[in-house]
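prediction below, plus the sequence it came from.
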Amino acid sequence: MSANISALALSVNGLNKSYGSFEVLKNLDLELKQGSILGLVGLNGSGKTTTIECILGLQEANSGSVSILNHTPQKLHETRGKIVSIFDTPSLHPNLTVRQSLEHAKLLSENLVRTPQRVEELLGIEKYSTFKIKNLSLGNKRRASLAQALLGNPELIILDEPFNGLDAEGVDDILALIRRLNKDKGTTFLLSSHQLPYLESICSHIAILHQGKILVSDNIDDLLANTNHSILLKTETETTAIKFLEAQGDITIINKNSDGYLELSTKDVRSSDLIRQLVENQIAVSELVLKQASLGNLFRTLTSEESA
Amino acid sequence: MNGFFVALKSEMFIARHTLSSKLIVIAPALIIILQNLLLWVTTTGQEARDNLLGNTSFDEVVSTNAYGYFVDSMSTGLTILGLLLTAQAAYSFSYERDTGLVRHLLIRRVSRAALMLAKLAYLHLLALISFVVSLIAAYVFSGMFWEFGPIVEDGFELISEADILAEINTGLQLAMAPFPAAIAFGLLVSVCSQSATQAVTTALGVTLAVDIFKSMLGDYANFLYARFQPSLIDASYLQDVSRIVRGYSDVLVDEEVLQMNLWVPIPAAIIFLVVIFFAIHRKNI
């Protein structure tokens, strides 16, 4: 049991937070295993940032408990730099230069593993070294924030909306960096975002937050394995096709969309098998598109079910 | 110390690389220099006119003694310093919260209490440095234009240099006594405000309002630390010292008021500190 607890970088139990009568977090439970990358997914206003702020002790929760690297949020400073967080709005002094910001961050890192010059190179901001933070673009401010985190060797990095304001190249750089730190140093990550394709490409675990509640939290492969693929089918013999499809136990007809496609949902059927079966049953297939199970599908399904 | 020294180093680092702290050190001294220059121009003109008219009076003796100008300079410098320190204290935490900088400190290395202690320590250090710089500026520039010495009229020493220095020493100590309370007040406003702009305007607004209305409070004003601070409507002991070192004998010193000057700022500062530490632990950051 104790081994299990120590393997958790973060454990949140029954967290509640209200602003007046508005409940932002409702009995929220969350676990983050050491060495994993957890994506906290949710719509705008679902409570992602509030969750992170409560975890980090920046906001006081109404009830519930949080253990982060075996410390309470109030004693987070005792982890002595093992936790680093980067927020949606980069938390940097606007009147310091990039290099000065990194020198300042050095004061807060106990185990320095890289020089400010090295992290500037790593993040491609060395040419902005003498620029004041207030003169940088949002993307470069975000890079400078991340550079601060890389001076030391943190065990847990919490990133709130890390992809906002970044161009495609910037996103690729951040994703590559997260992968590398996770693989080489075993750094644990908690990423909050609503940009699902990026999270899907990098996270080992996903927690879906909706209206202050965690709807599902699991390994991403297990989640996607249990998620249906969707198929778009266009046919001239629609009535016959619907009858045939309804007779198949493993295919569900969701609806007919405005472009005249039948939207189907299935777990196991392969598109080639489906086309063959349709043709064998005299159904003329004009077009068939298979959309693999994705985090986006899962998210939309779960959140629409919950809202309904 | 839960990150006290880390927070203090952080304060020093930011002070070294930004303008606001440097301004607090330099601004009172610059004002002092400017005041002495203007007074020198004025008194030189006055002296020339009196010489032409053949007037020699007690006022002339007084106007050539540097100690009076030195005390006036310090009074002006400390007035500016008091306002700047209150504003800086109000700005320090609220601005770092606005920019999110304080989050890094709290998450990585520093407890909230240690952060506040470091800010208080730093602001006091800043006050001390600024005071010393002001003192040097006042001494050098009043000594440059006028002459330090006892007040002598018709060969009779009205007040000796040792007495003058003792009075100045007492005056400066009493003028500095309310500064910890002023700093704590600024920091309290900083912790309780929603933004840096709100914090600075509130802290300065309240300070100036107290300055304006203190005369209406009568003897009750003696229970306000701000009553004893050199200010725009100055009622501090330095005003009396300014007249004493010029040899005026009509200065009535109330010992009870001097004692209150010494002791009232202490409980005020303690009350502010208690509220700061209570508020910082409940504050969303």
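Cool, got the structure.

any idea how far whatever residue of chain B ends up closest to chain A lies from B:Ala199?
Closest approach between chain B and chain A, counting by C-beta to the nearest C-beta: B:Gly100, at 2.8 Å. Placement of C-beta: from N, CA and C, glycine included. With distances taken as C-beta to C-beta, to the nearest Å, B:Gly100 is found 16 Å from B:Ala199.

which one of those two has more residues nearby?
Taking other C-beta atoms under 10 Å in any protein chain shown, B:Gly100 and B:Ala199 do not tie; B:Ala199 has more neighbours (28 against 20).

pull out the buried positions in whatever helix or strand the more buried one lives in.
B:Ala199 is part of helix B:196-213, with elements assigned from DSSP states H and E. Of the residues in helix B:196-213, those buried under the neighbour-count criterion (16 or more other C-beta atoms under 10 Å in any protein chain shown) are B:Ala196, B:Ala199, B:Val200, B:Thr202, B:Ala203, B:Leu204, B:Val206, B:Thr207, B:Leu208, B:Val210, B:Asp211.

next one, pLDDT for the first one please.
In this prediction, B:Ala196 carries a pLDDT score of 95.

that one contacts B:Tyr91, doesn't it?
Yes. Distance between B:Ala196 and B:Tyr91: 5.5 Å, which falls inside the contact criterion (C-beta atoms under 8 Å).

distance of A:Lys183 from chain B?
Between A:Lys183 and chain B the distance is 24 Å, computed by C-beta to the nearest C-beta, to the nearest Å.

that residue: neighbour count?
The local packing of A:Lys183 (other C-beta under 10 Å) involves 10 other residues.

can you check A:Asn111 too?
Using other C-beta under 10 Å, the number of residues around A:Asn111 comes to 11.

contact partners for it?
Under the criterion of C-beta atoms under 8 Å, 6 or more residues apart in numbering or on different chains, the neighbours of A:Asn111 are A:Gly81, A:Gly152, A:Asn153.

in space, what's closest to the last one - neighbours in sequence excluded?
Right, A:Asn153. Once flanking residues are discounted, A:Asn153 sits nearest to A:Val113: 4.7 Å by C-beta to C-beta, 6 or more residues apart in numbering or on different chains.

tell me which element that neighbour falls in.
Remark: A:Val113 resides in no helix or strand, with elements defined by DSSP H and E.

contact partners for it?
Listed by C-beta under 8 Å, 6+ apart, the contact set of A:Val113 reads A:Leu151, A:Gly152, A:Asn153.

can you flag which of those belong to strands?
For the contacts of A:Val113, not one is inside strands, with DSSP state E as the criterion.

as a check, name the ranges of all helices in the chain.
In the absence of a named chain, this looks at chain A. Assignment of helices within chain A using DSSP state H yields the ranges A:2-6, A:48-55, A:98-106, A:116-122, A:138-150, A:168-185, A:196-202, A:220-225, A:238-247, A:271-280, A:295-307.

wait, chain B
Secondary structure of chain B, counting by DSSP H: helices at B:4-17, B:20-53, B:58-63, B:66-99, B:101-108, B:112-145, B:161-176, B:179-192, B:196-213, B:237-244, B:255-263, B:265-282.

cheers, nothing more for now.
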